[in-house]
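S.K.: sequence plus the predicted model coming up.
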Amino acid sequence: MSISNDVLSSTLRILLEEEVDNLFKAVPLLEEMRKGGGVETYDGGQKLNVPLILAEHSSITQLSNGYEPVNLAVKDALRQAEFNWCDFVAPVVITRKEELSNKGPKAVVSIAEARMQSVMGLLQREVEKQLIAGTSSVLTELNTLATTKFDRTGAVQGFLAGAAFQGGSQAGTVGGIDTSVFTSFQNQFVHSSTLSIQDMTDLYIKCQAHTPGGGSPNLIISNADTYKDYKKLLFDNERYIAENQLDGGRLTLAFHGARMYYDPFLDGVQTETTVGAGKDIRAYFLNTDHLKLAFDSDAQFVMEDFEHISGYASRSANILTRLQMYVEHLSSQGLLTK
């Protein structure tokens, strides 16, 4: 007796919750955003619109005798950042031949579970690849940390530019906001030809100094060479190395309280500091309190019901997602290059 579409759908939805949890745990950037309350839901819309504070609203008047005139000069501190949504769908398919070859509801469910795990593994890889390096060939509308174009134009909006903070060289738009006009909405940057603790500390302090309300980087994502170079620096300076393991199994080192891990998708990725001149990205210094992952409330890894596919001896269910990453404060995020 074949298992019904309704039963198969409800069974797979239970597994999907676990697979989504595993996806977040497997990508430290996503897990840190989730732990900090940075996963948000929005009620649809053609675009994701987010209000950002980019200036100081008013000035302070000190009262010495109590009769000083109050400075009433104010500025419109809020700006609406606008980001395109990234929509994608991934089907879970079971053929009639597979059902006939694997008799019984349990066998069919096992096939469907294996297919779902494969689909979620693919989504995890492509989401991470795009967020970290901007190199996914299928999720090209998902924002990325890597700015591979100096002017930051195009459908994909890279956040971290390889140019000095408020140095006159960071230009273009992020979320429709002109960073050359709103210079407080620029990232921190340090170039380190030969990795040193001093360069890393310099970038860490810059991010800390420009984080509104206090705070500092809590996550450092590096390429392989930078991770190994930093570990060697700790050995050479006879410092204690506590290499821990994240929930997803990745090894981490500590730097001033931030967790540092190696992401393979960052290997060989370059950022442009001038048009046509690339430099290797060593690491991102991130304050995930100010990085957000937004979902449409009706499309947060939602699985449709299984249905028979017209014209084919198979049935399928689509996993639908609409999401986007955005940044609240670029000045609290840092880029280290080589």
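M.R.: Great, that's in hand. Numbering: from 1, shown residues only.

S.K.: got the buried residues for stretch 94-109?
M.R.: 94, 98-99, 108-109 (16 or more other C-beta atoms under 10 Å). Where you see a C-beta, it was placed from the backbone N, CA and C, and this is true even at glycine.

S.K.: same check, this time on stretch 40-50
M.R.: 42, 48, 50.

S.K.: so the second one is in contact with Trp85, correct?
M.R.: The reference is to Leu48. Yes - Leu48 lies in contact with Trp85 (C-beta atoms under 8 Å); the separation is 5.9 Å.

S.K.: shared neighbours of the two, anything?
M.R.: Gln324 (C-beta atoms under 8 Å, 6 or more residues apart in numbering).

S.K.: hmm, back to that, let's have the buried residues of stretch 40-50 in TSV, adding pLDDT and secondary structure.
M.R.: Listed next are the buried residues of stretch 40-50 as TSV, based on pLDDT from 0 to 100; DSSP: H, G, I helix; E, B strand; the rest coil:
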residue	pLDDT	secondary structure
Tyr42	94	strand
Leu48	94	strand
Val50	91	strand
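
S.K.: in CSV, list the residues you listed along with distance to Tyr262.
M.R.: Below are those laid out as CSV (distance: C-beta to C-beta, whole Å):
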residue, distance to Tyr262
Tyr42, 33
Leu48, 30
Val50, 31
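
S.K.: what about Gly37, which SS state?
M.R.: Under DSSP: H, G, I helix; E, B strand; the rest coil, the three-state class of Gly37 is coil.

S.K.: then Val20?
M.R.: helix.

S.K.: check contacts around the nearest residue to it once chain neighbours are set aside.
M.R.: Leaving aside its sequence neighbours, Val20 sits nearest to Phe301 (C-beta to C-beta, 6 or more residues apart in numbering; 4.9 Å). Contact criterion C-beta under 8 Å, 6+ apart gives 16, 20, 319-321 as the residues in contact with Phe301.

S.K.: and with 10 Å instead?
M.R.: By C-beta atoms under 10 Å, 6 or more residues apart in numbering, the contact set of Phe301 is 16-17, 19-20, 23, 90, 120, 123, 295, 319-321, 323.

S.K.: looking at the residues you listed, state which has the most neighbours.
M.R.: Comparing the contacts of Phe301 by number of neighbours (other C-beta atoms under 10 Å), Leu323 comes first, having 24 neighbours.

S.K.: pLDDT (mean, whole number) over the host helix or strand of that one?
M.R.: Using DSSP states H and E, Leu323 sits in strand 314-327. For strand 314-327, mean pLDDT is 95.

S.K.: show the subsequent helix or strand relative to it.
M.R.: strand 334-337.

S.K.: all the strands of the stretch 151-300 of the chain, residue numbers only.
M.R.: Using DSSP state E, counting those that start in this stretch, the strands found in the stretch 151-300 of the chain span residues 158-160, 173-174, 177-178, 188-191, 219-222, 244-245, 251-255, 258-262, 270-274, 277-286, 291-296.

S.K.: for these, which one sits closest to Phe235?
M.R.: Phe235 lies closest, by C-beta to C-beta, to one member of these: strand 251-255, at 11.4 Å.
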